[in-house]
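here is a sequence together with a model predicted from it:
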Amino acid sequence: MAYLVLYNPLAGNGMGKKNLDLVSSFAEKNDCEFRDVTTEQDLSRLLEEFPDRDIILVGGDGTLNNFINSVDTAKVERNIYFLSSGSGNDFLNDIAHSLDDGPVKINRYLKDLPTVIINGEEHRFINGIGFGLDGYCCEEGDRVRERTDKPVNYTPIALKGFLYAYKPRNAIVTVDGKEHIFKKVWIAPTMMGRFFGGGMKVAPDQDRLSSDRTVTTVIVSGISKLFCLMQFPKIFRGEHKSIKGVDIFKGKNVTVRFDRPTPLQVDGETYTGITEYSVRVD
């Protein structure tokens, strides 16, 4: 077999290139063409150069996000495999696939993806949108990476955000035309999958392959820092549906508007100074 291996050397806190060893068995037995996605300017054109090769993506959730926004995956008529070498691996957790199982075929997960509009620009996403404390954590993590090549530890970043650095926002959340108003919002993600933040099961009932084609929006609001910290383990495990201050919505069209600019993340990629996002599922 012939494969086009698209890898991200920056994935997994810079371990992506080393993790190419994970596909060494493929390279030994098959005809493989390796390309660094961080240096390729046009992935669609690259795929056209190798029309007869199946694709193996080696990277993290951000690598997947880059691929689905660079290539019209609905028109790709070849096998697409994913081998995760990221640090969070939320997509892999959601589809219940182990790293030990090797590359997983992901074509069925790349169809009919939702879109999000941020600052007037439309993006596809495969896991979810994070707005609030999680966006703050991603922004702070990016700052740490600028100063050092050591792995980012998000636990102290999140604790700093809880204790003093992140100030909860007021929000207007509109789901399929119905408006909801919240005060003191800690997080306001909209999810295609169940996991974000490196394993937090924030949307436990979300099914990315469901026939109803909806996303899940989770609002944690109106609670104190202490109560939020005490309930965090339940939120991480996905046991938060009945907790005070947690509201969960299912829908096809979602707009979340904050009263102050706030960092936002899309599949782990950070956007700063955002006041609103809108999600649509066709």
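Happy to help now that I have it.

for this protein, what helix or strand is lowest in average pLDDT?
helix 11-14 (a mean of 60; mean pLDDT, DSSP states H and E).

burial of Met191, as a residue count?
26 (other C-beta atoms under 10 Å). (Glycine included, C-beta is placed from N, CA and C.)

right, I mislabeled it, should have said Ile129
30.

what sits against it?
Residues near Ile129 by C-beta atoms under 8 Å, 6 or more residues apart in numbering: 116, 189-191, 264-266, 277, 279.

mind doing that once more with 7 Å?
Contact analysis of Ile129 by C-beta atoms under 7 Å, 6 or more residues apart in numbering lists 116, 189-190, 264, 266, 277, 279.

and Arg45, which of the three is it?
The three-state assignment at Arg45 reads helix, by DSSP: H, G, I helix; E, B strand; the rest coil.

can you check Lys150 too?
coil.

from Asn8, how far off is it?
19 Å (C-beta to C-beta, to the nearest Å).

more neighbours: the two, which one.
Asn8 (23 against 10).

residues contacting that one?
16, 37-38, 58-60, 63.

ranges for the strands of the stretch 1-150 of the chain?
2-7, 31-36, 54-59, 80-84, 104-105, 115-118, 121-124, 128-131 (DSSP state E, counting those that start in this stretch).

can you check what angle separates the first one from strand 80-84?
In this case it means strand 2-7. 40 degrees (axes from the mean of the first three to the mean of the last three C-alpha atoms, to 10 degrees).

off-centre distance for strand 2-7?
From the chain centre to the centre of strand 2-7 is a distance of 22 Å (C-alpha atoms, centre = their mean, to the nearest Å).

and what of the shortest one?
Relative to the centre of its chain, strand 104-105 is centred 18 Å away, using C-alpha atoms, centre = their mean.

again, but for the fourth one
Strand 80-84 has its C-alpha centroid displaced from the chain centroid by 15 Å (C-alpha atoms, centre = their mean).

tell me what it is packed against?
strand 54-59, strand 104-105 (3 or more C-beta pairs under 7 Å, 6 or more residues apart in numbering; DSSP states H and E).

and with 8 Å instead?
Secondary-structure packing of strand 80-84 (3 or more C-beta pairs under 8 Å, 6 or more residues apart in numbering; DSSP states H and E): strand 54-59, helix 90-94, strand 104-105.

state the mean pLDDT of the first one.
This means strand 54-59. Strand 54-59 carries an average pLDDT of 92.

re the thing from before, out of the helices and strands packed on strand 80-84, which comes closest to Ser211?
Closest to Ser211 of the helices and strands packed on strand 80-84 is helix 90-94 (C-beta to C-beta; 17.4 Å).

need the residues that contact that closest one.
61, 64, 82, 84, 98-99, 104, 109, 126-128, 193-199, 208, 268.

buried ones among the residues you listed?
Among the contacts of helix 90-94, the ones that count as buried by 16 or more other C-beta atoms under 10 Å are 61, 64, 82, 84, 104, 109, 126-128, 193-198, 208, 268.

please flag which of those sit within helices.
61, 64 (DSSP state H).

could you list the low-confidence segments of the stretch 1-150 of the chain?
Along the stretch 1-150 of the chain, segments meeting pLDDT under 70 span 12-28, 86-88, 99-100.

and Glu237, its phi and psi?
Just so we're on the same page, residue 237 is Arg rather than Glu. Phi and psi for Arg237, reported as degrees, to the nearest 10, are phi -80, psi -10.

and the pLDDT at it?
At Arg237, pLDDT is 91.

contacting residues around the residue lying closest to Asp31 once chain neighbours are set aside?
In space, and not counting its chain neighbours, Asp31 is closest to Ala2: 4.3 Å by C-beta to C-beta, 6 or more residues apart in numbering. If you count contacts by C-beta under 8 Å, 6+ apart, Ala2 has them with 30-33, 50, 52-54.
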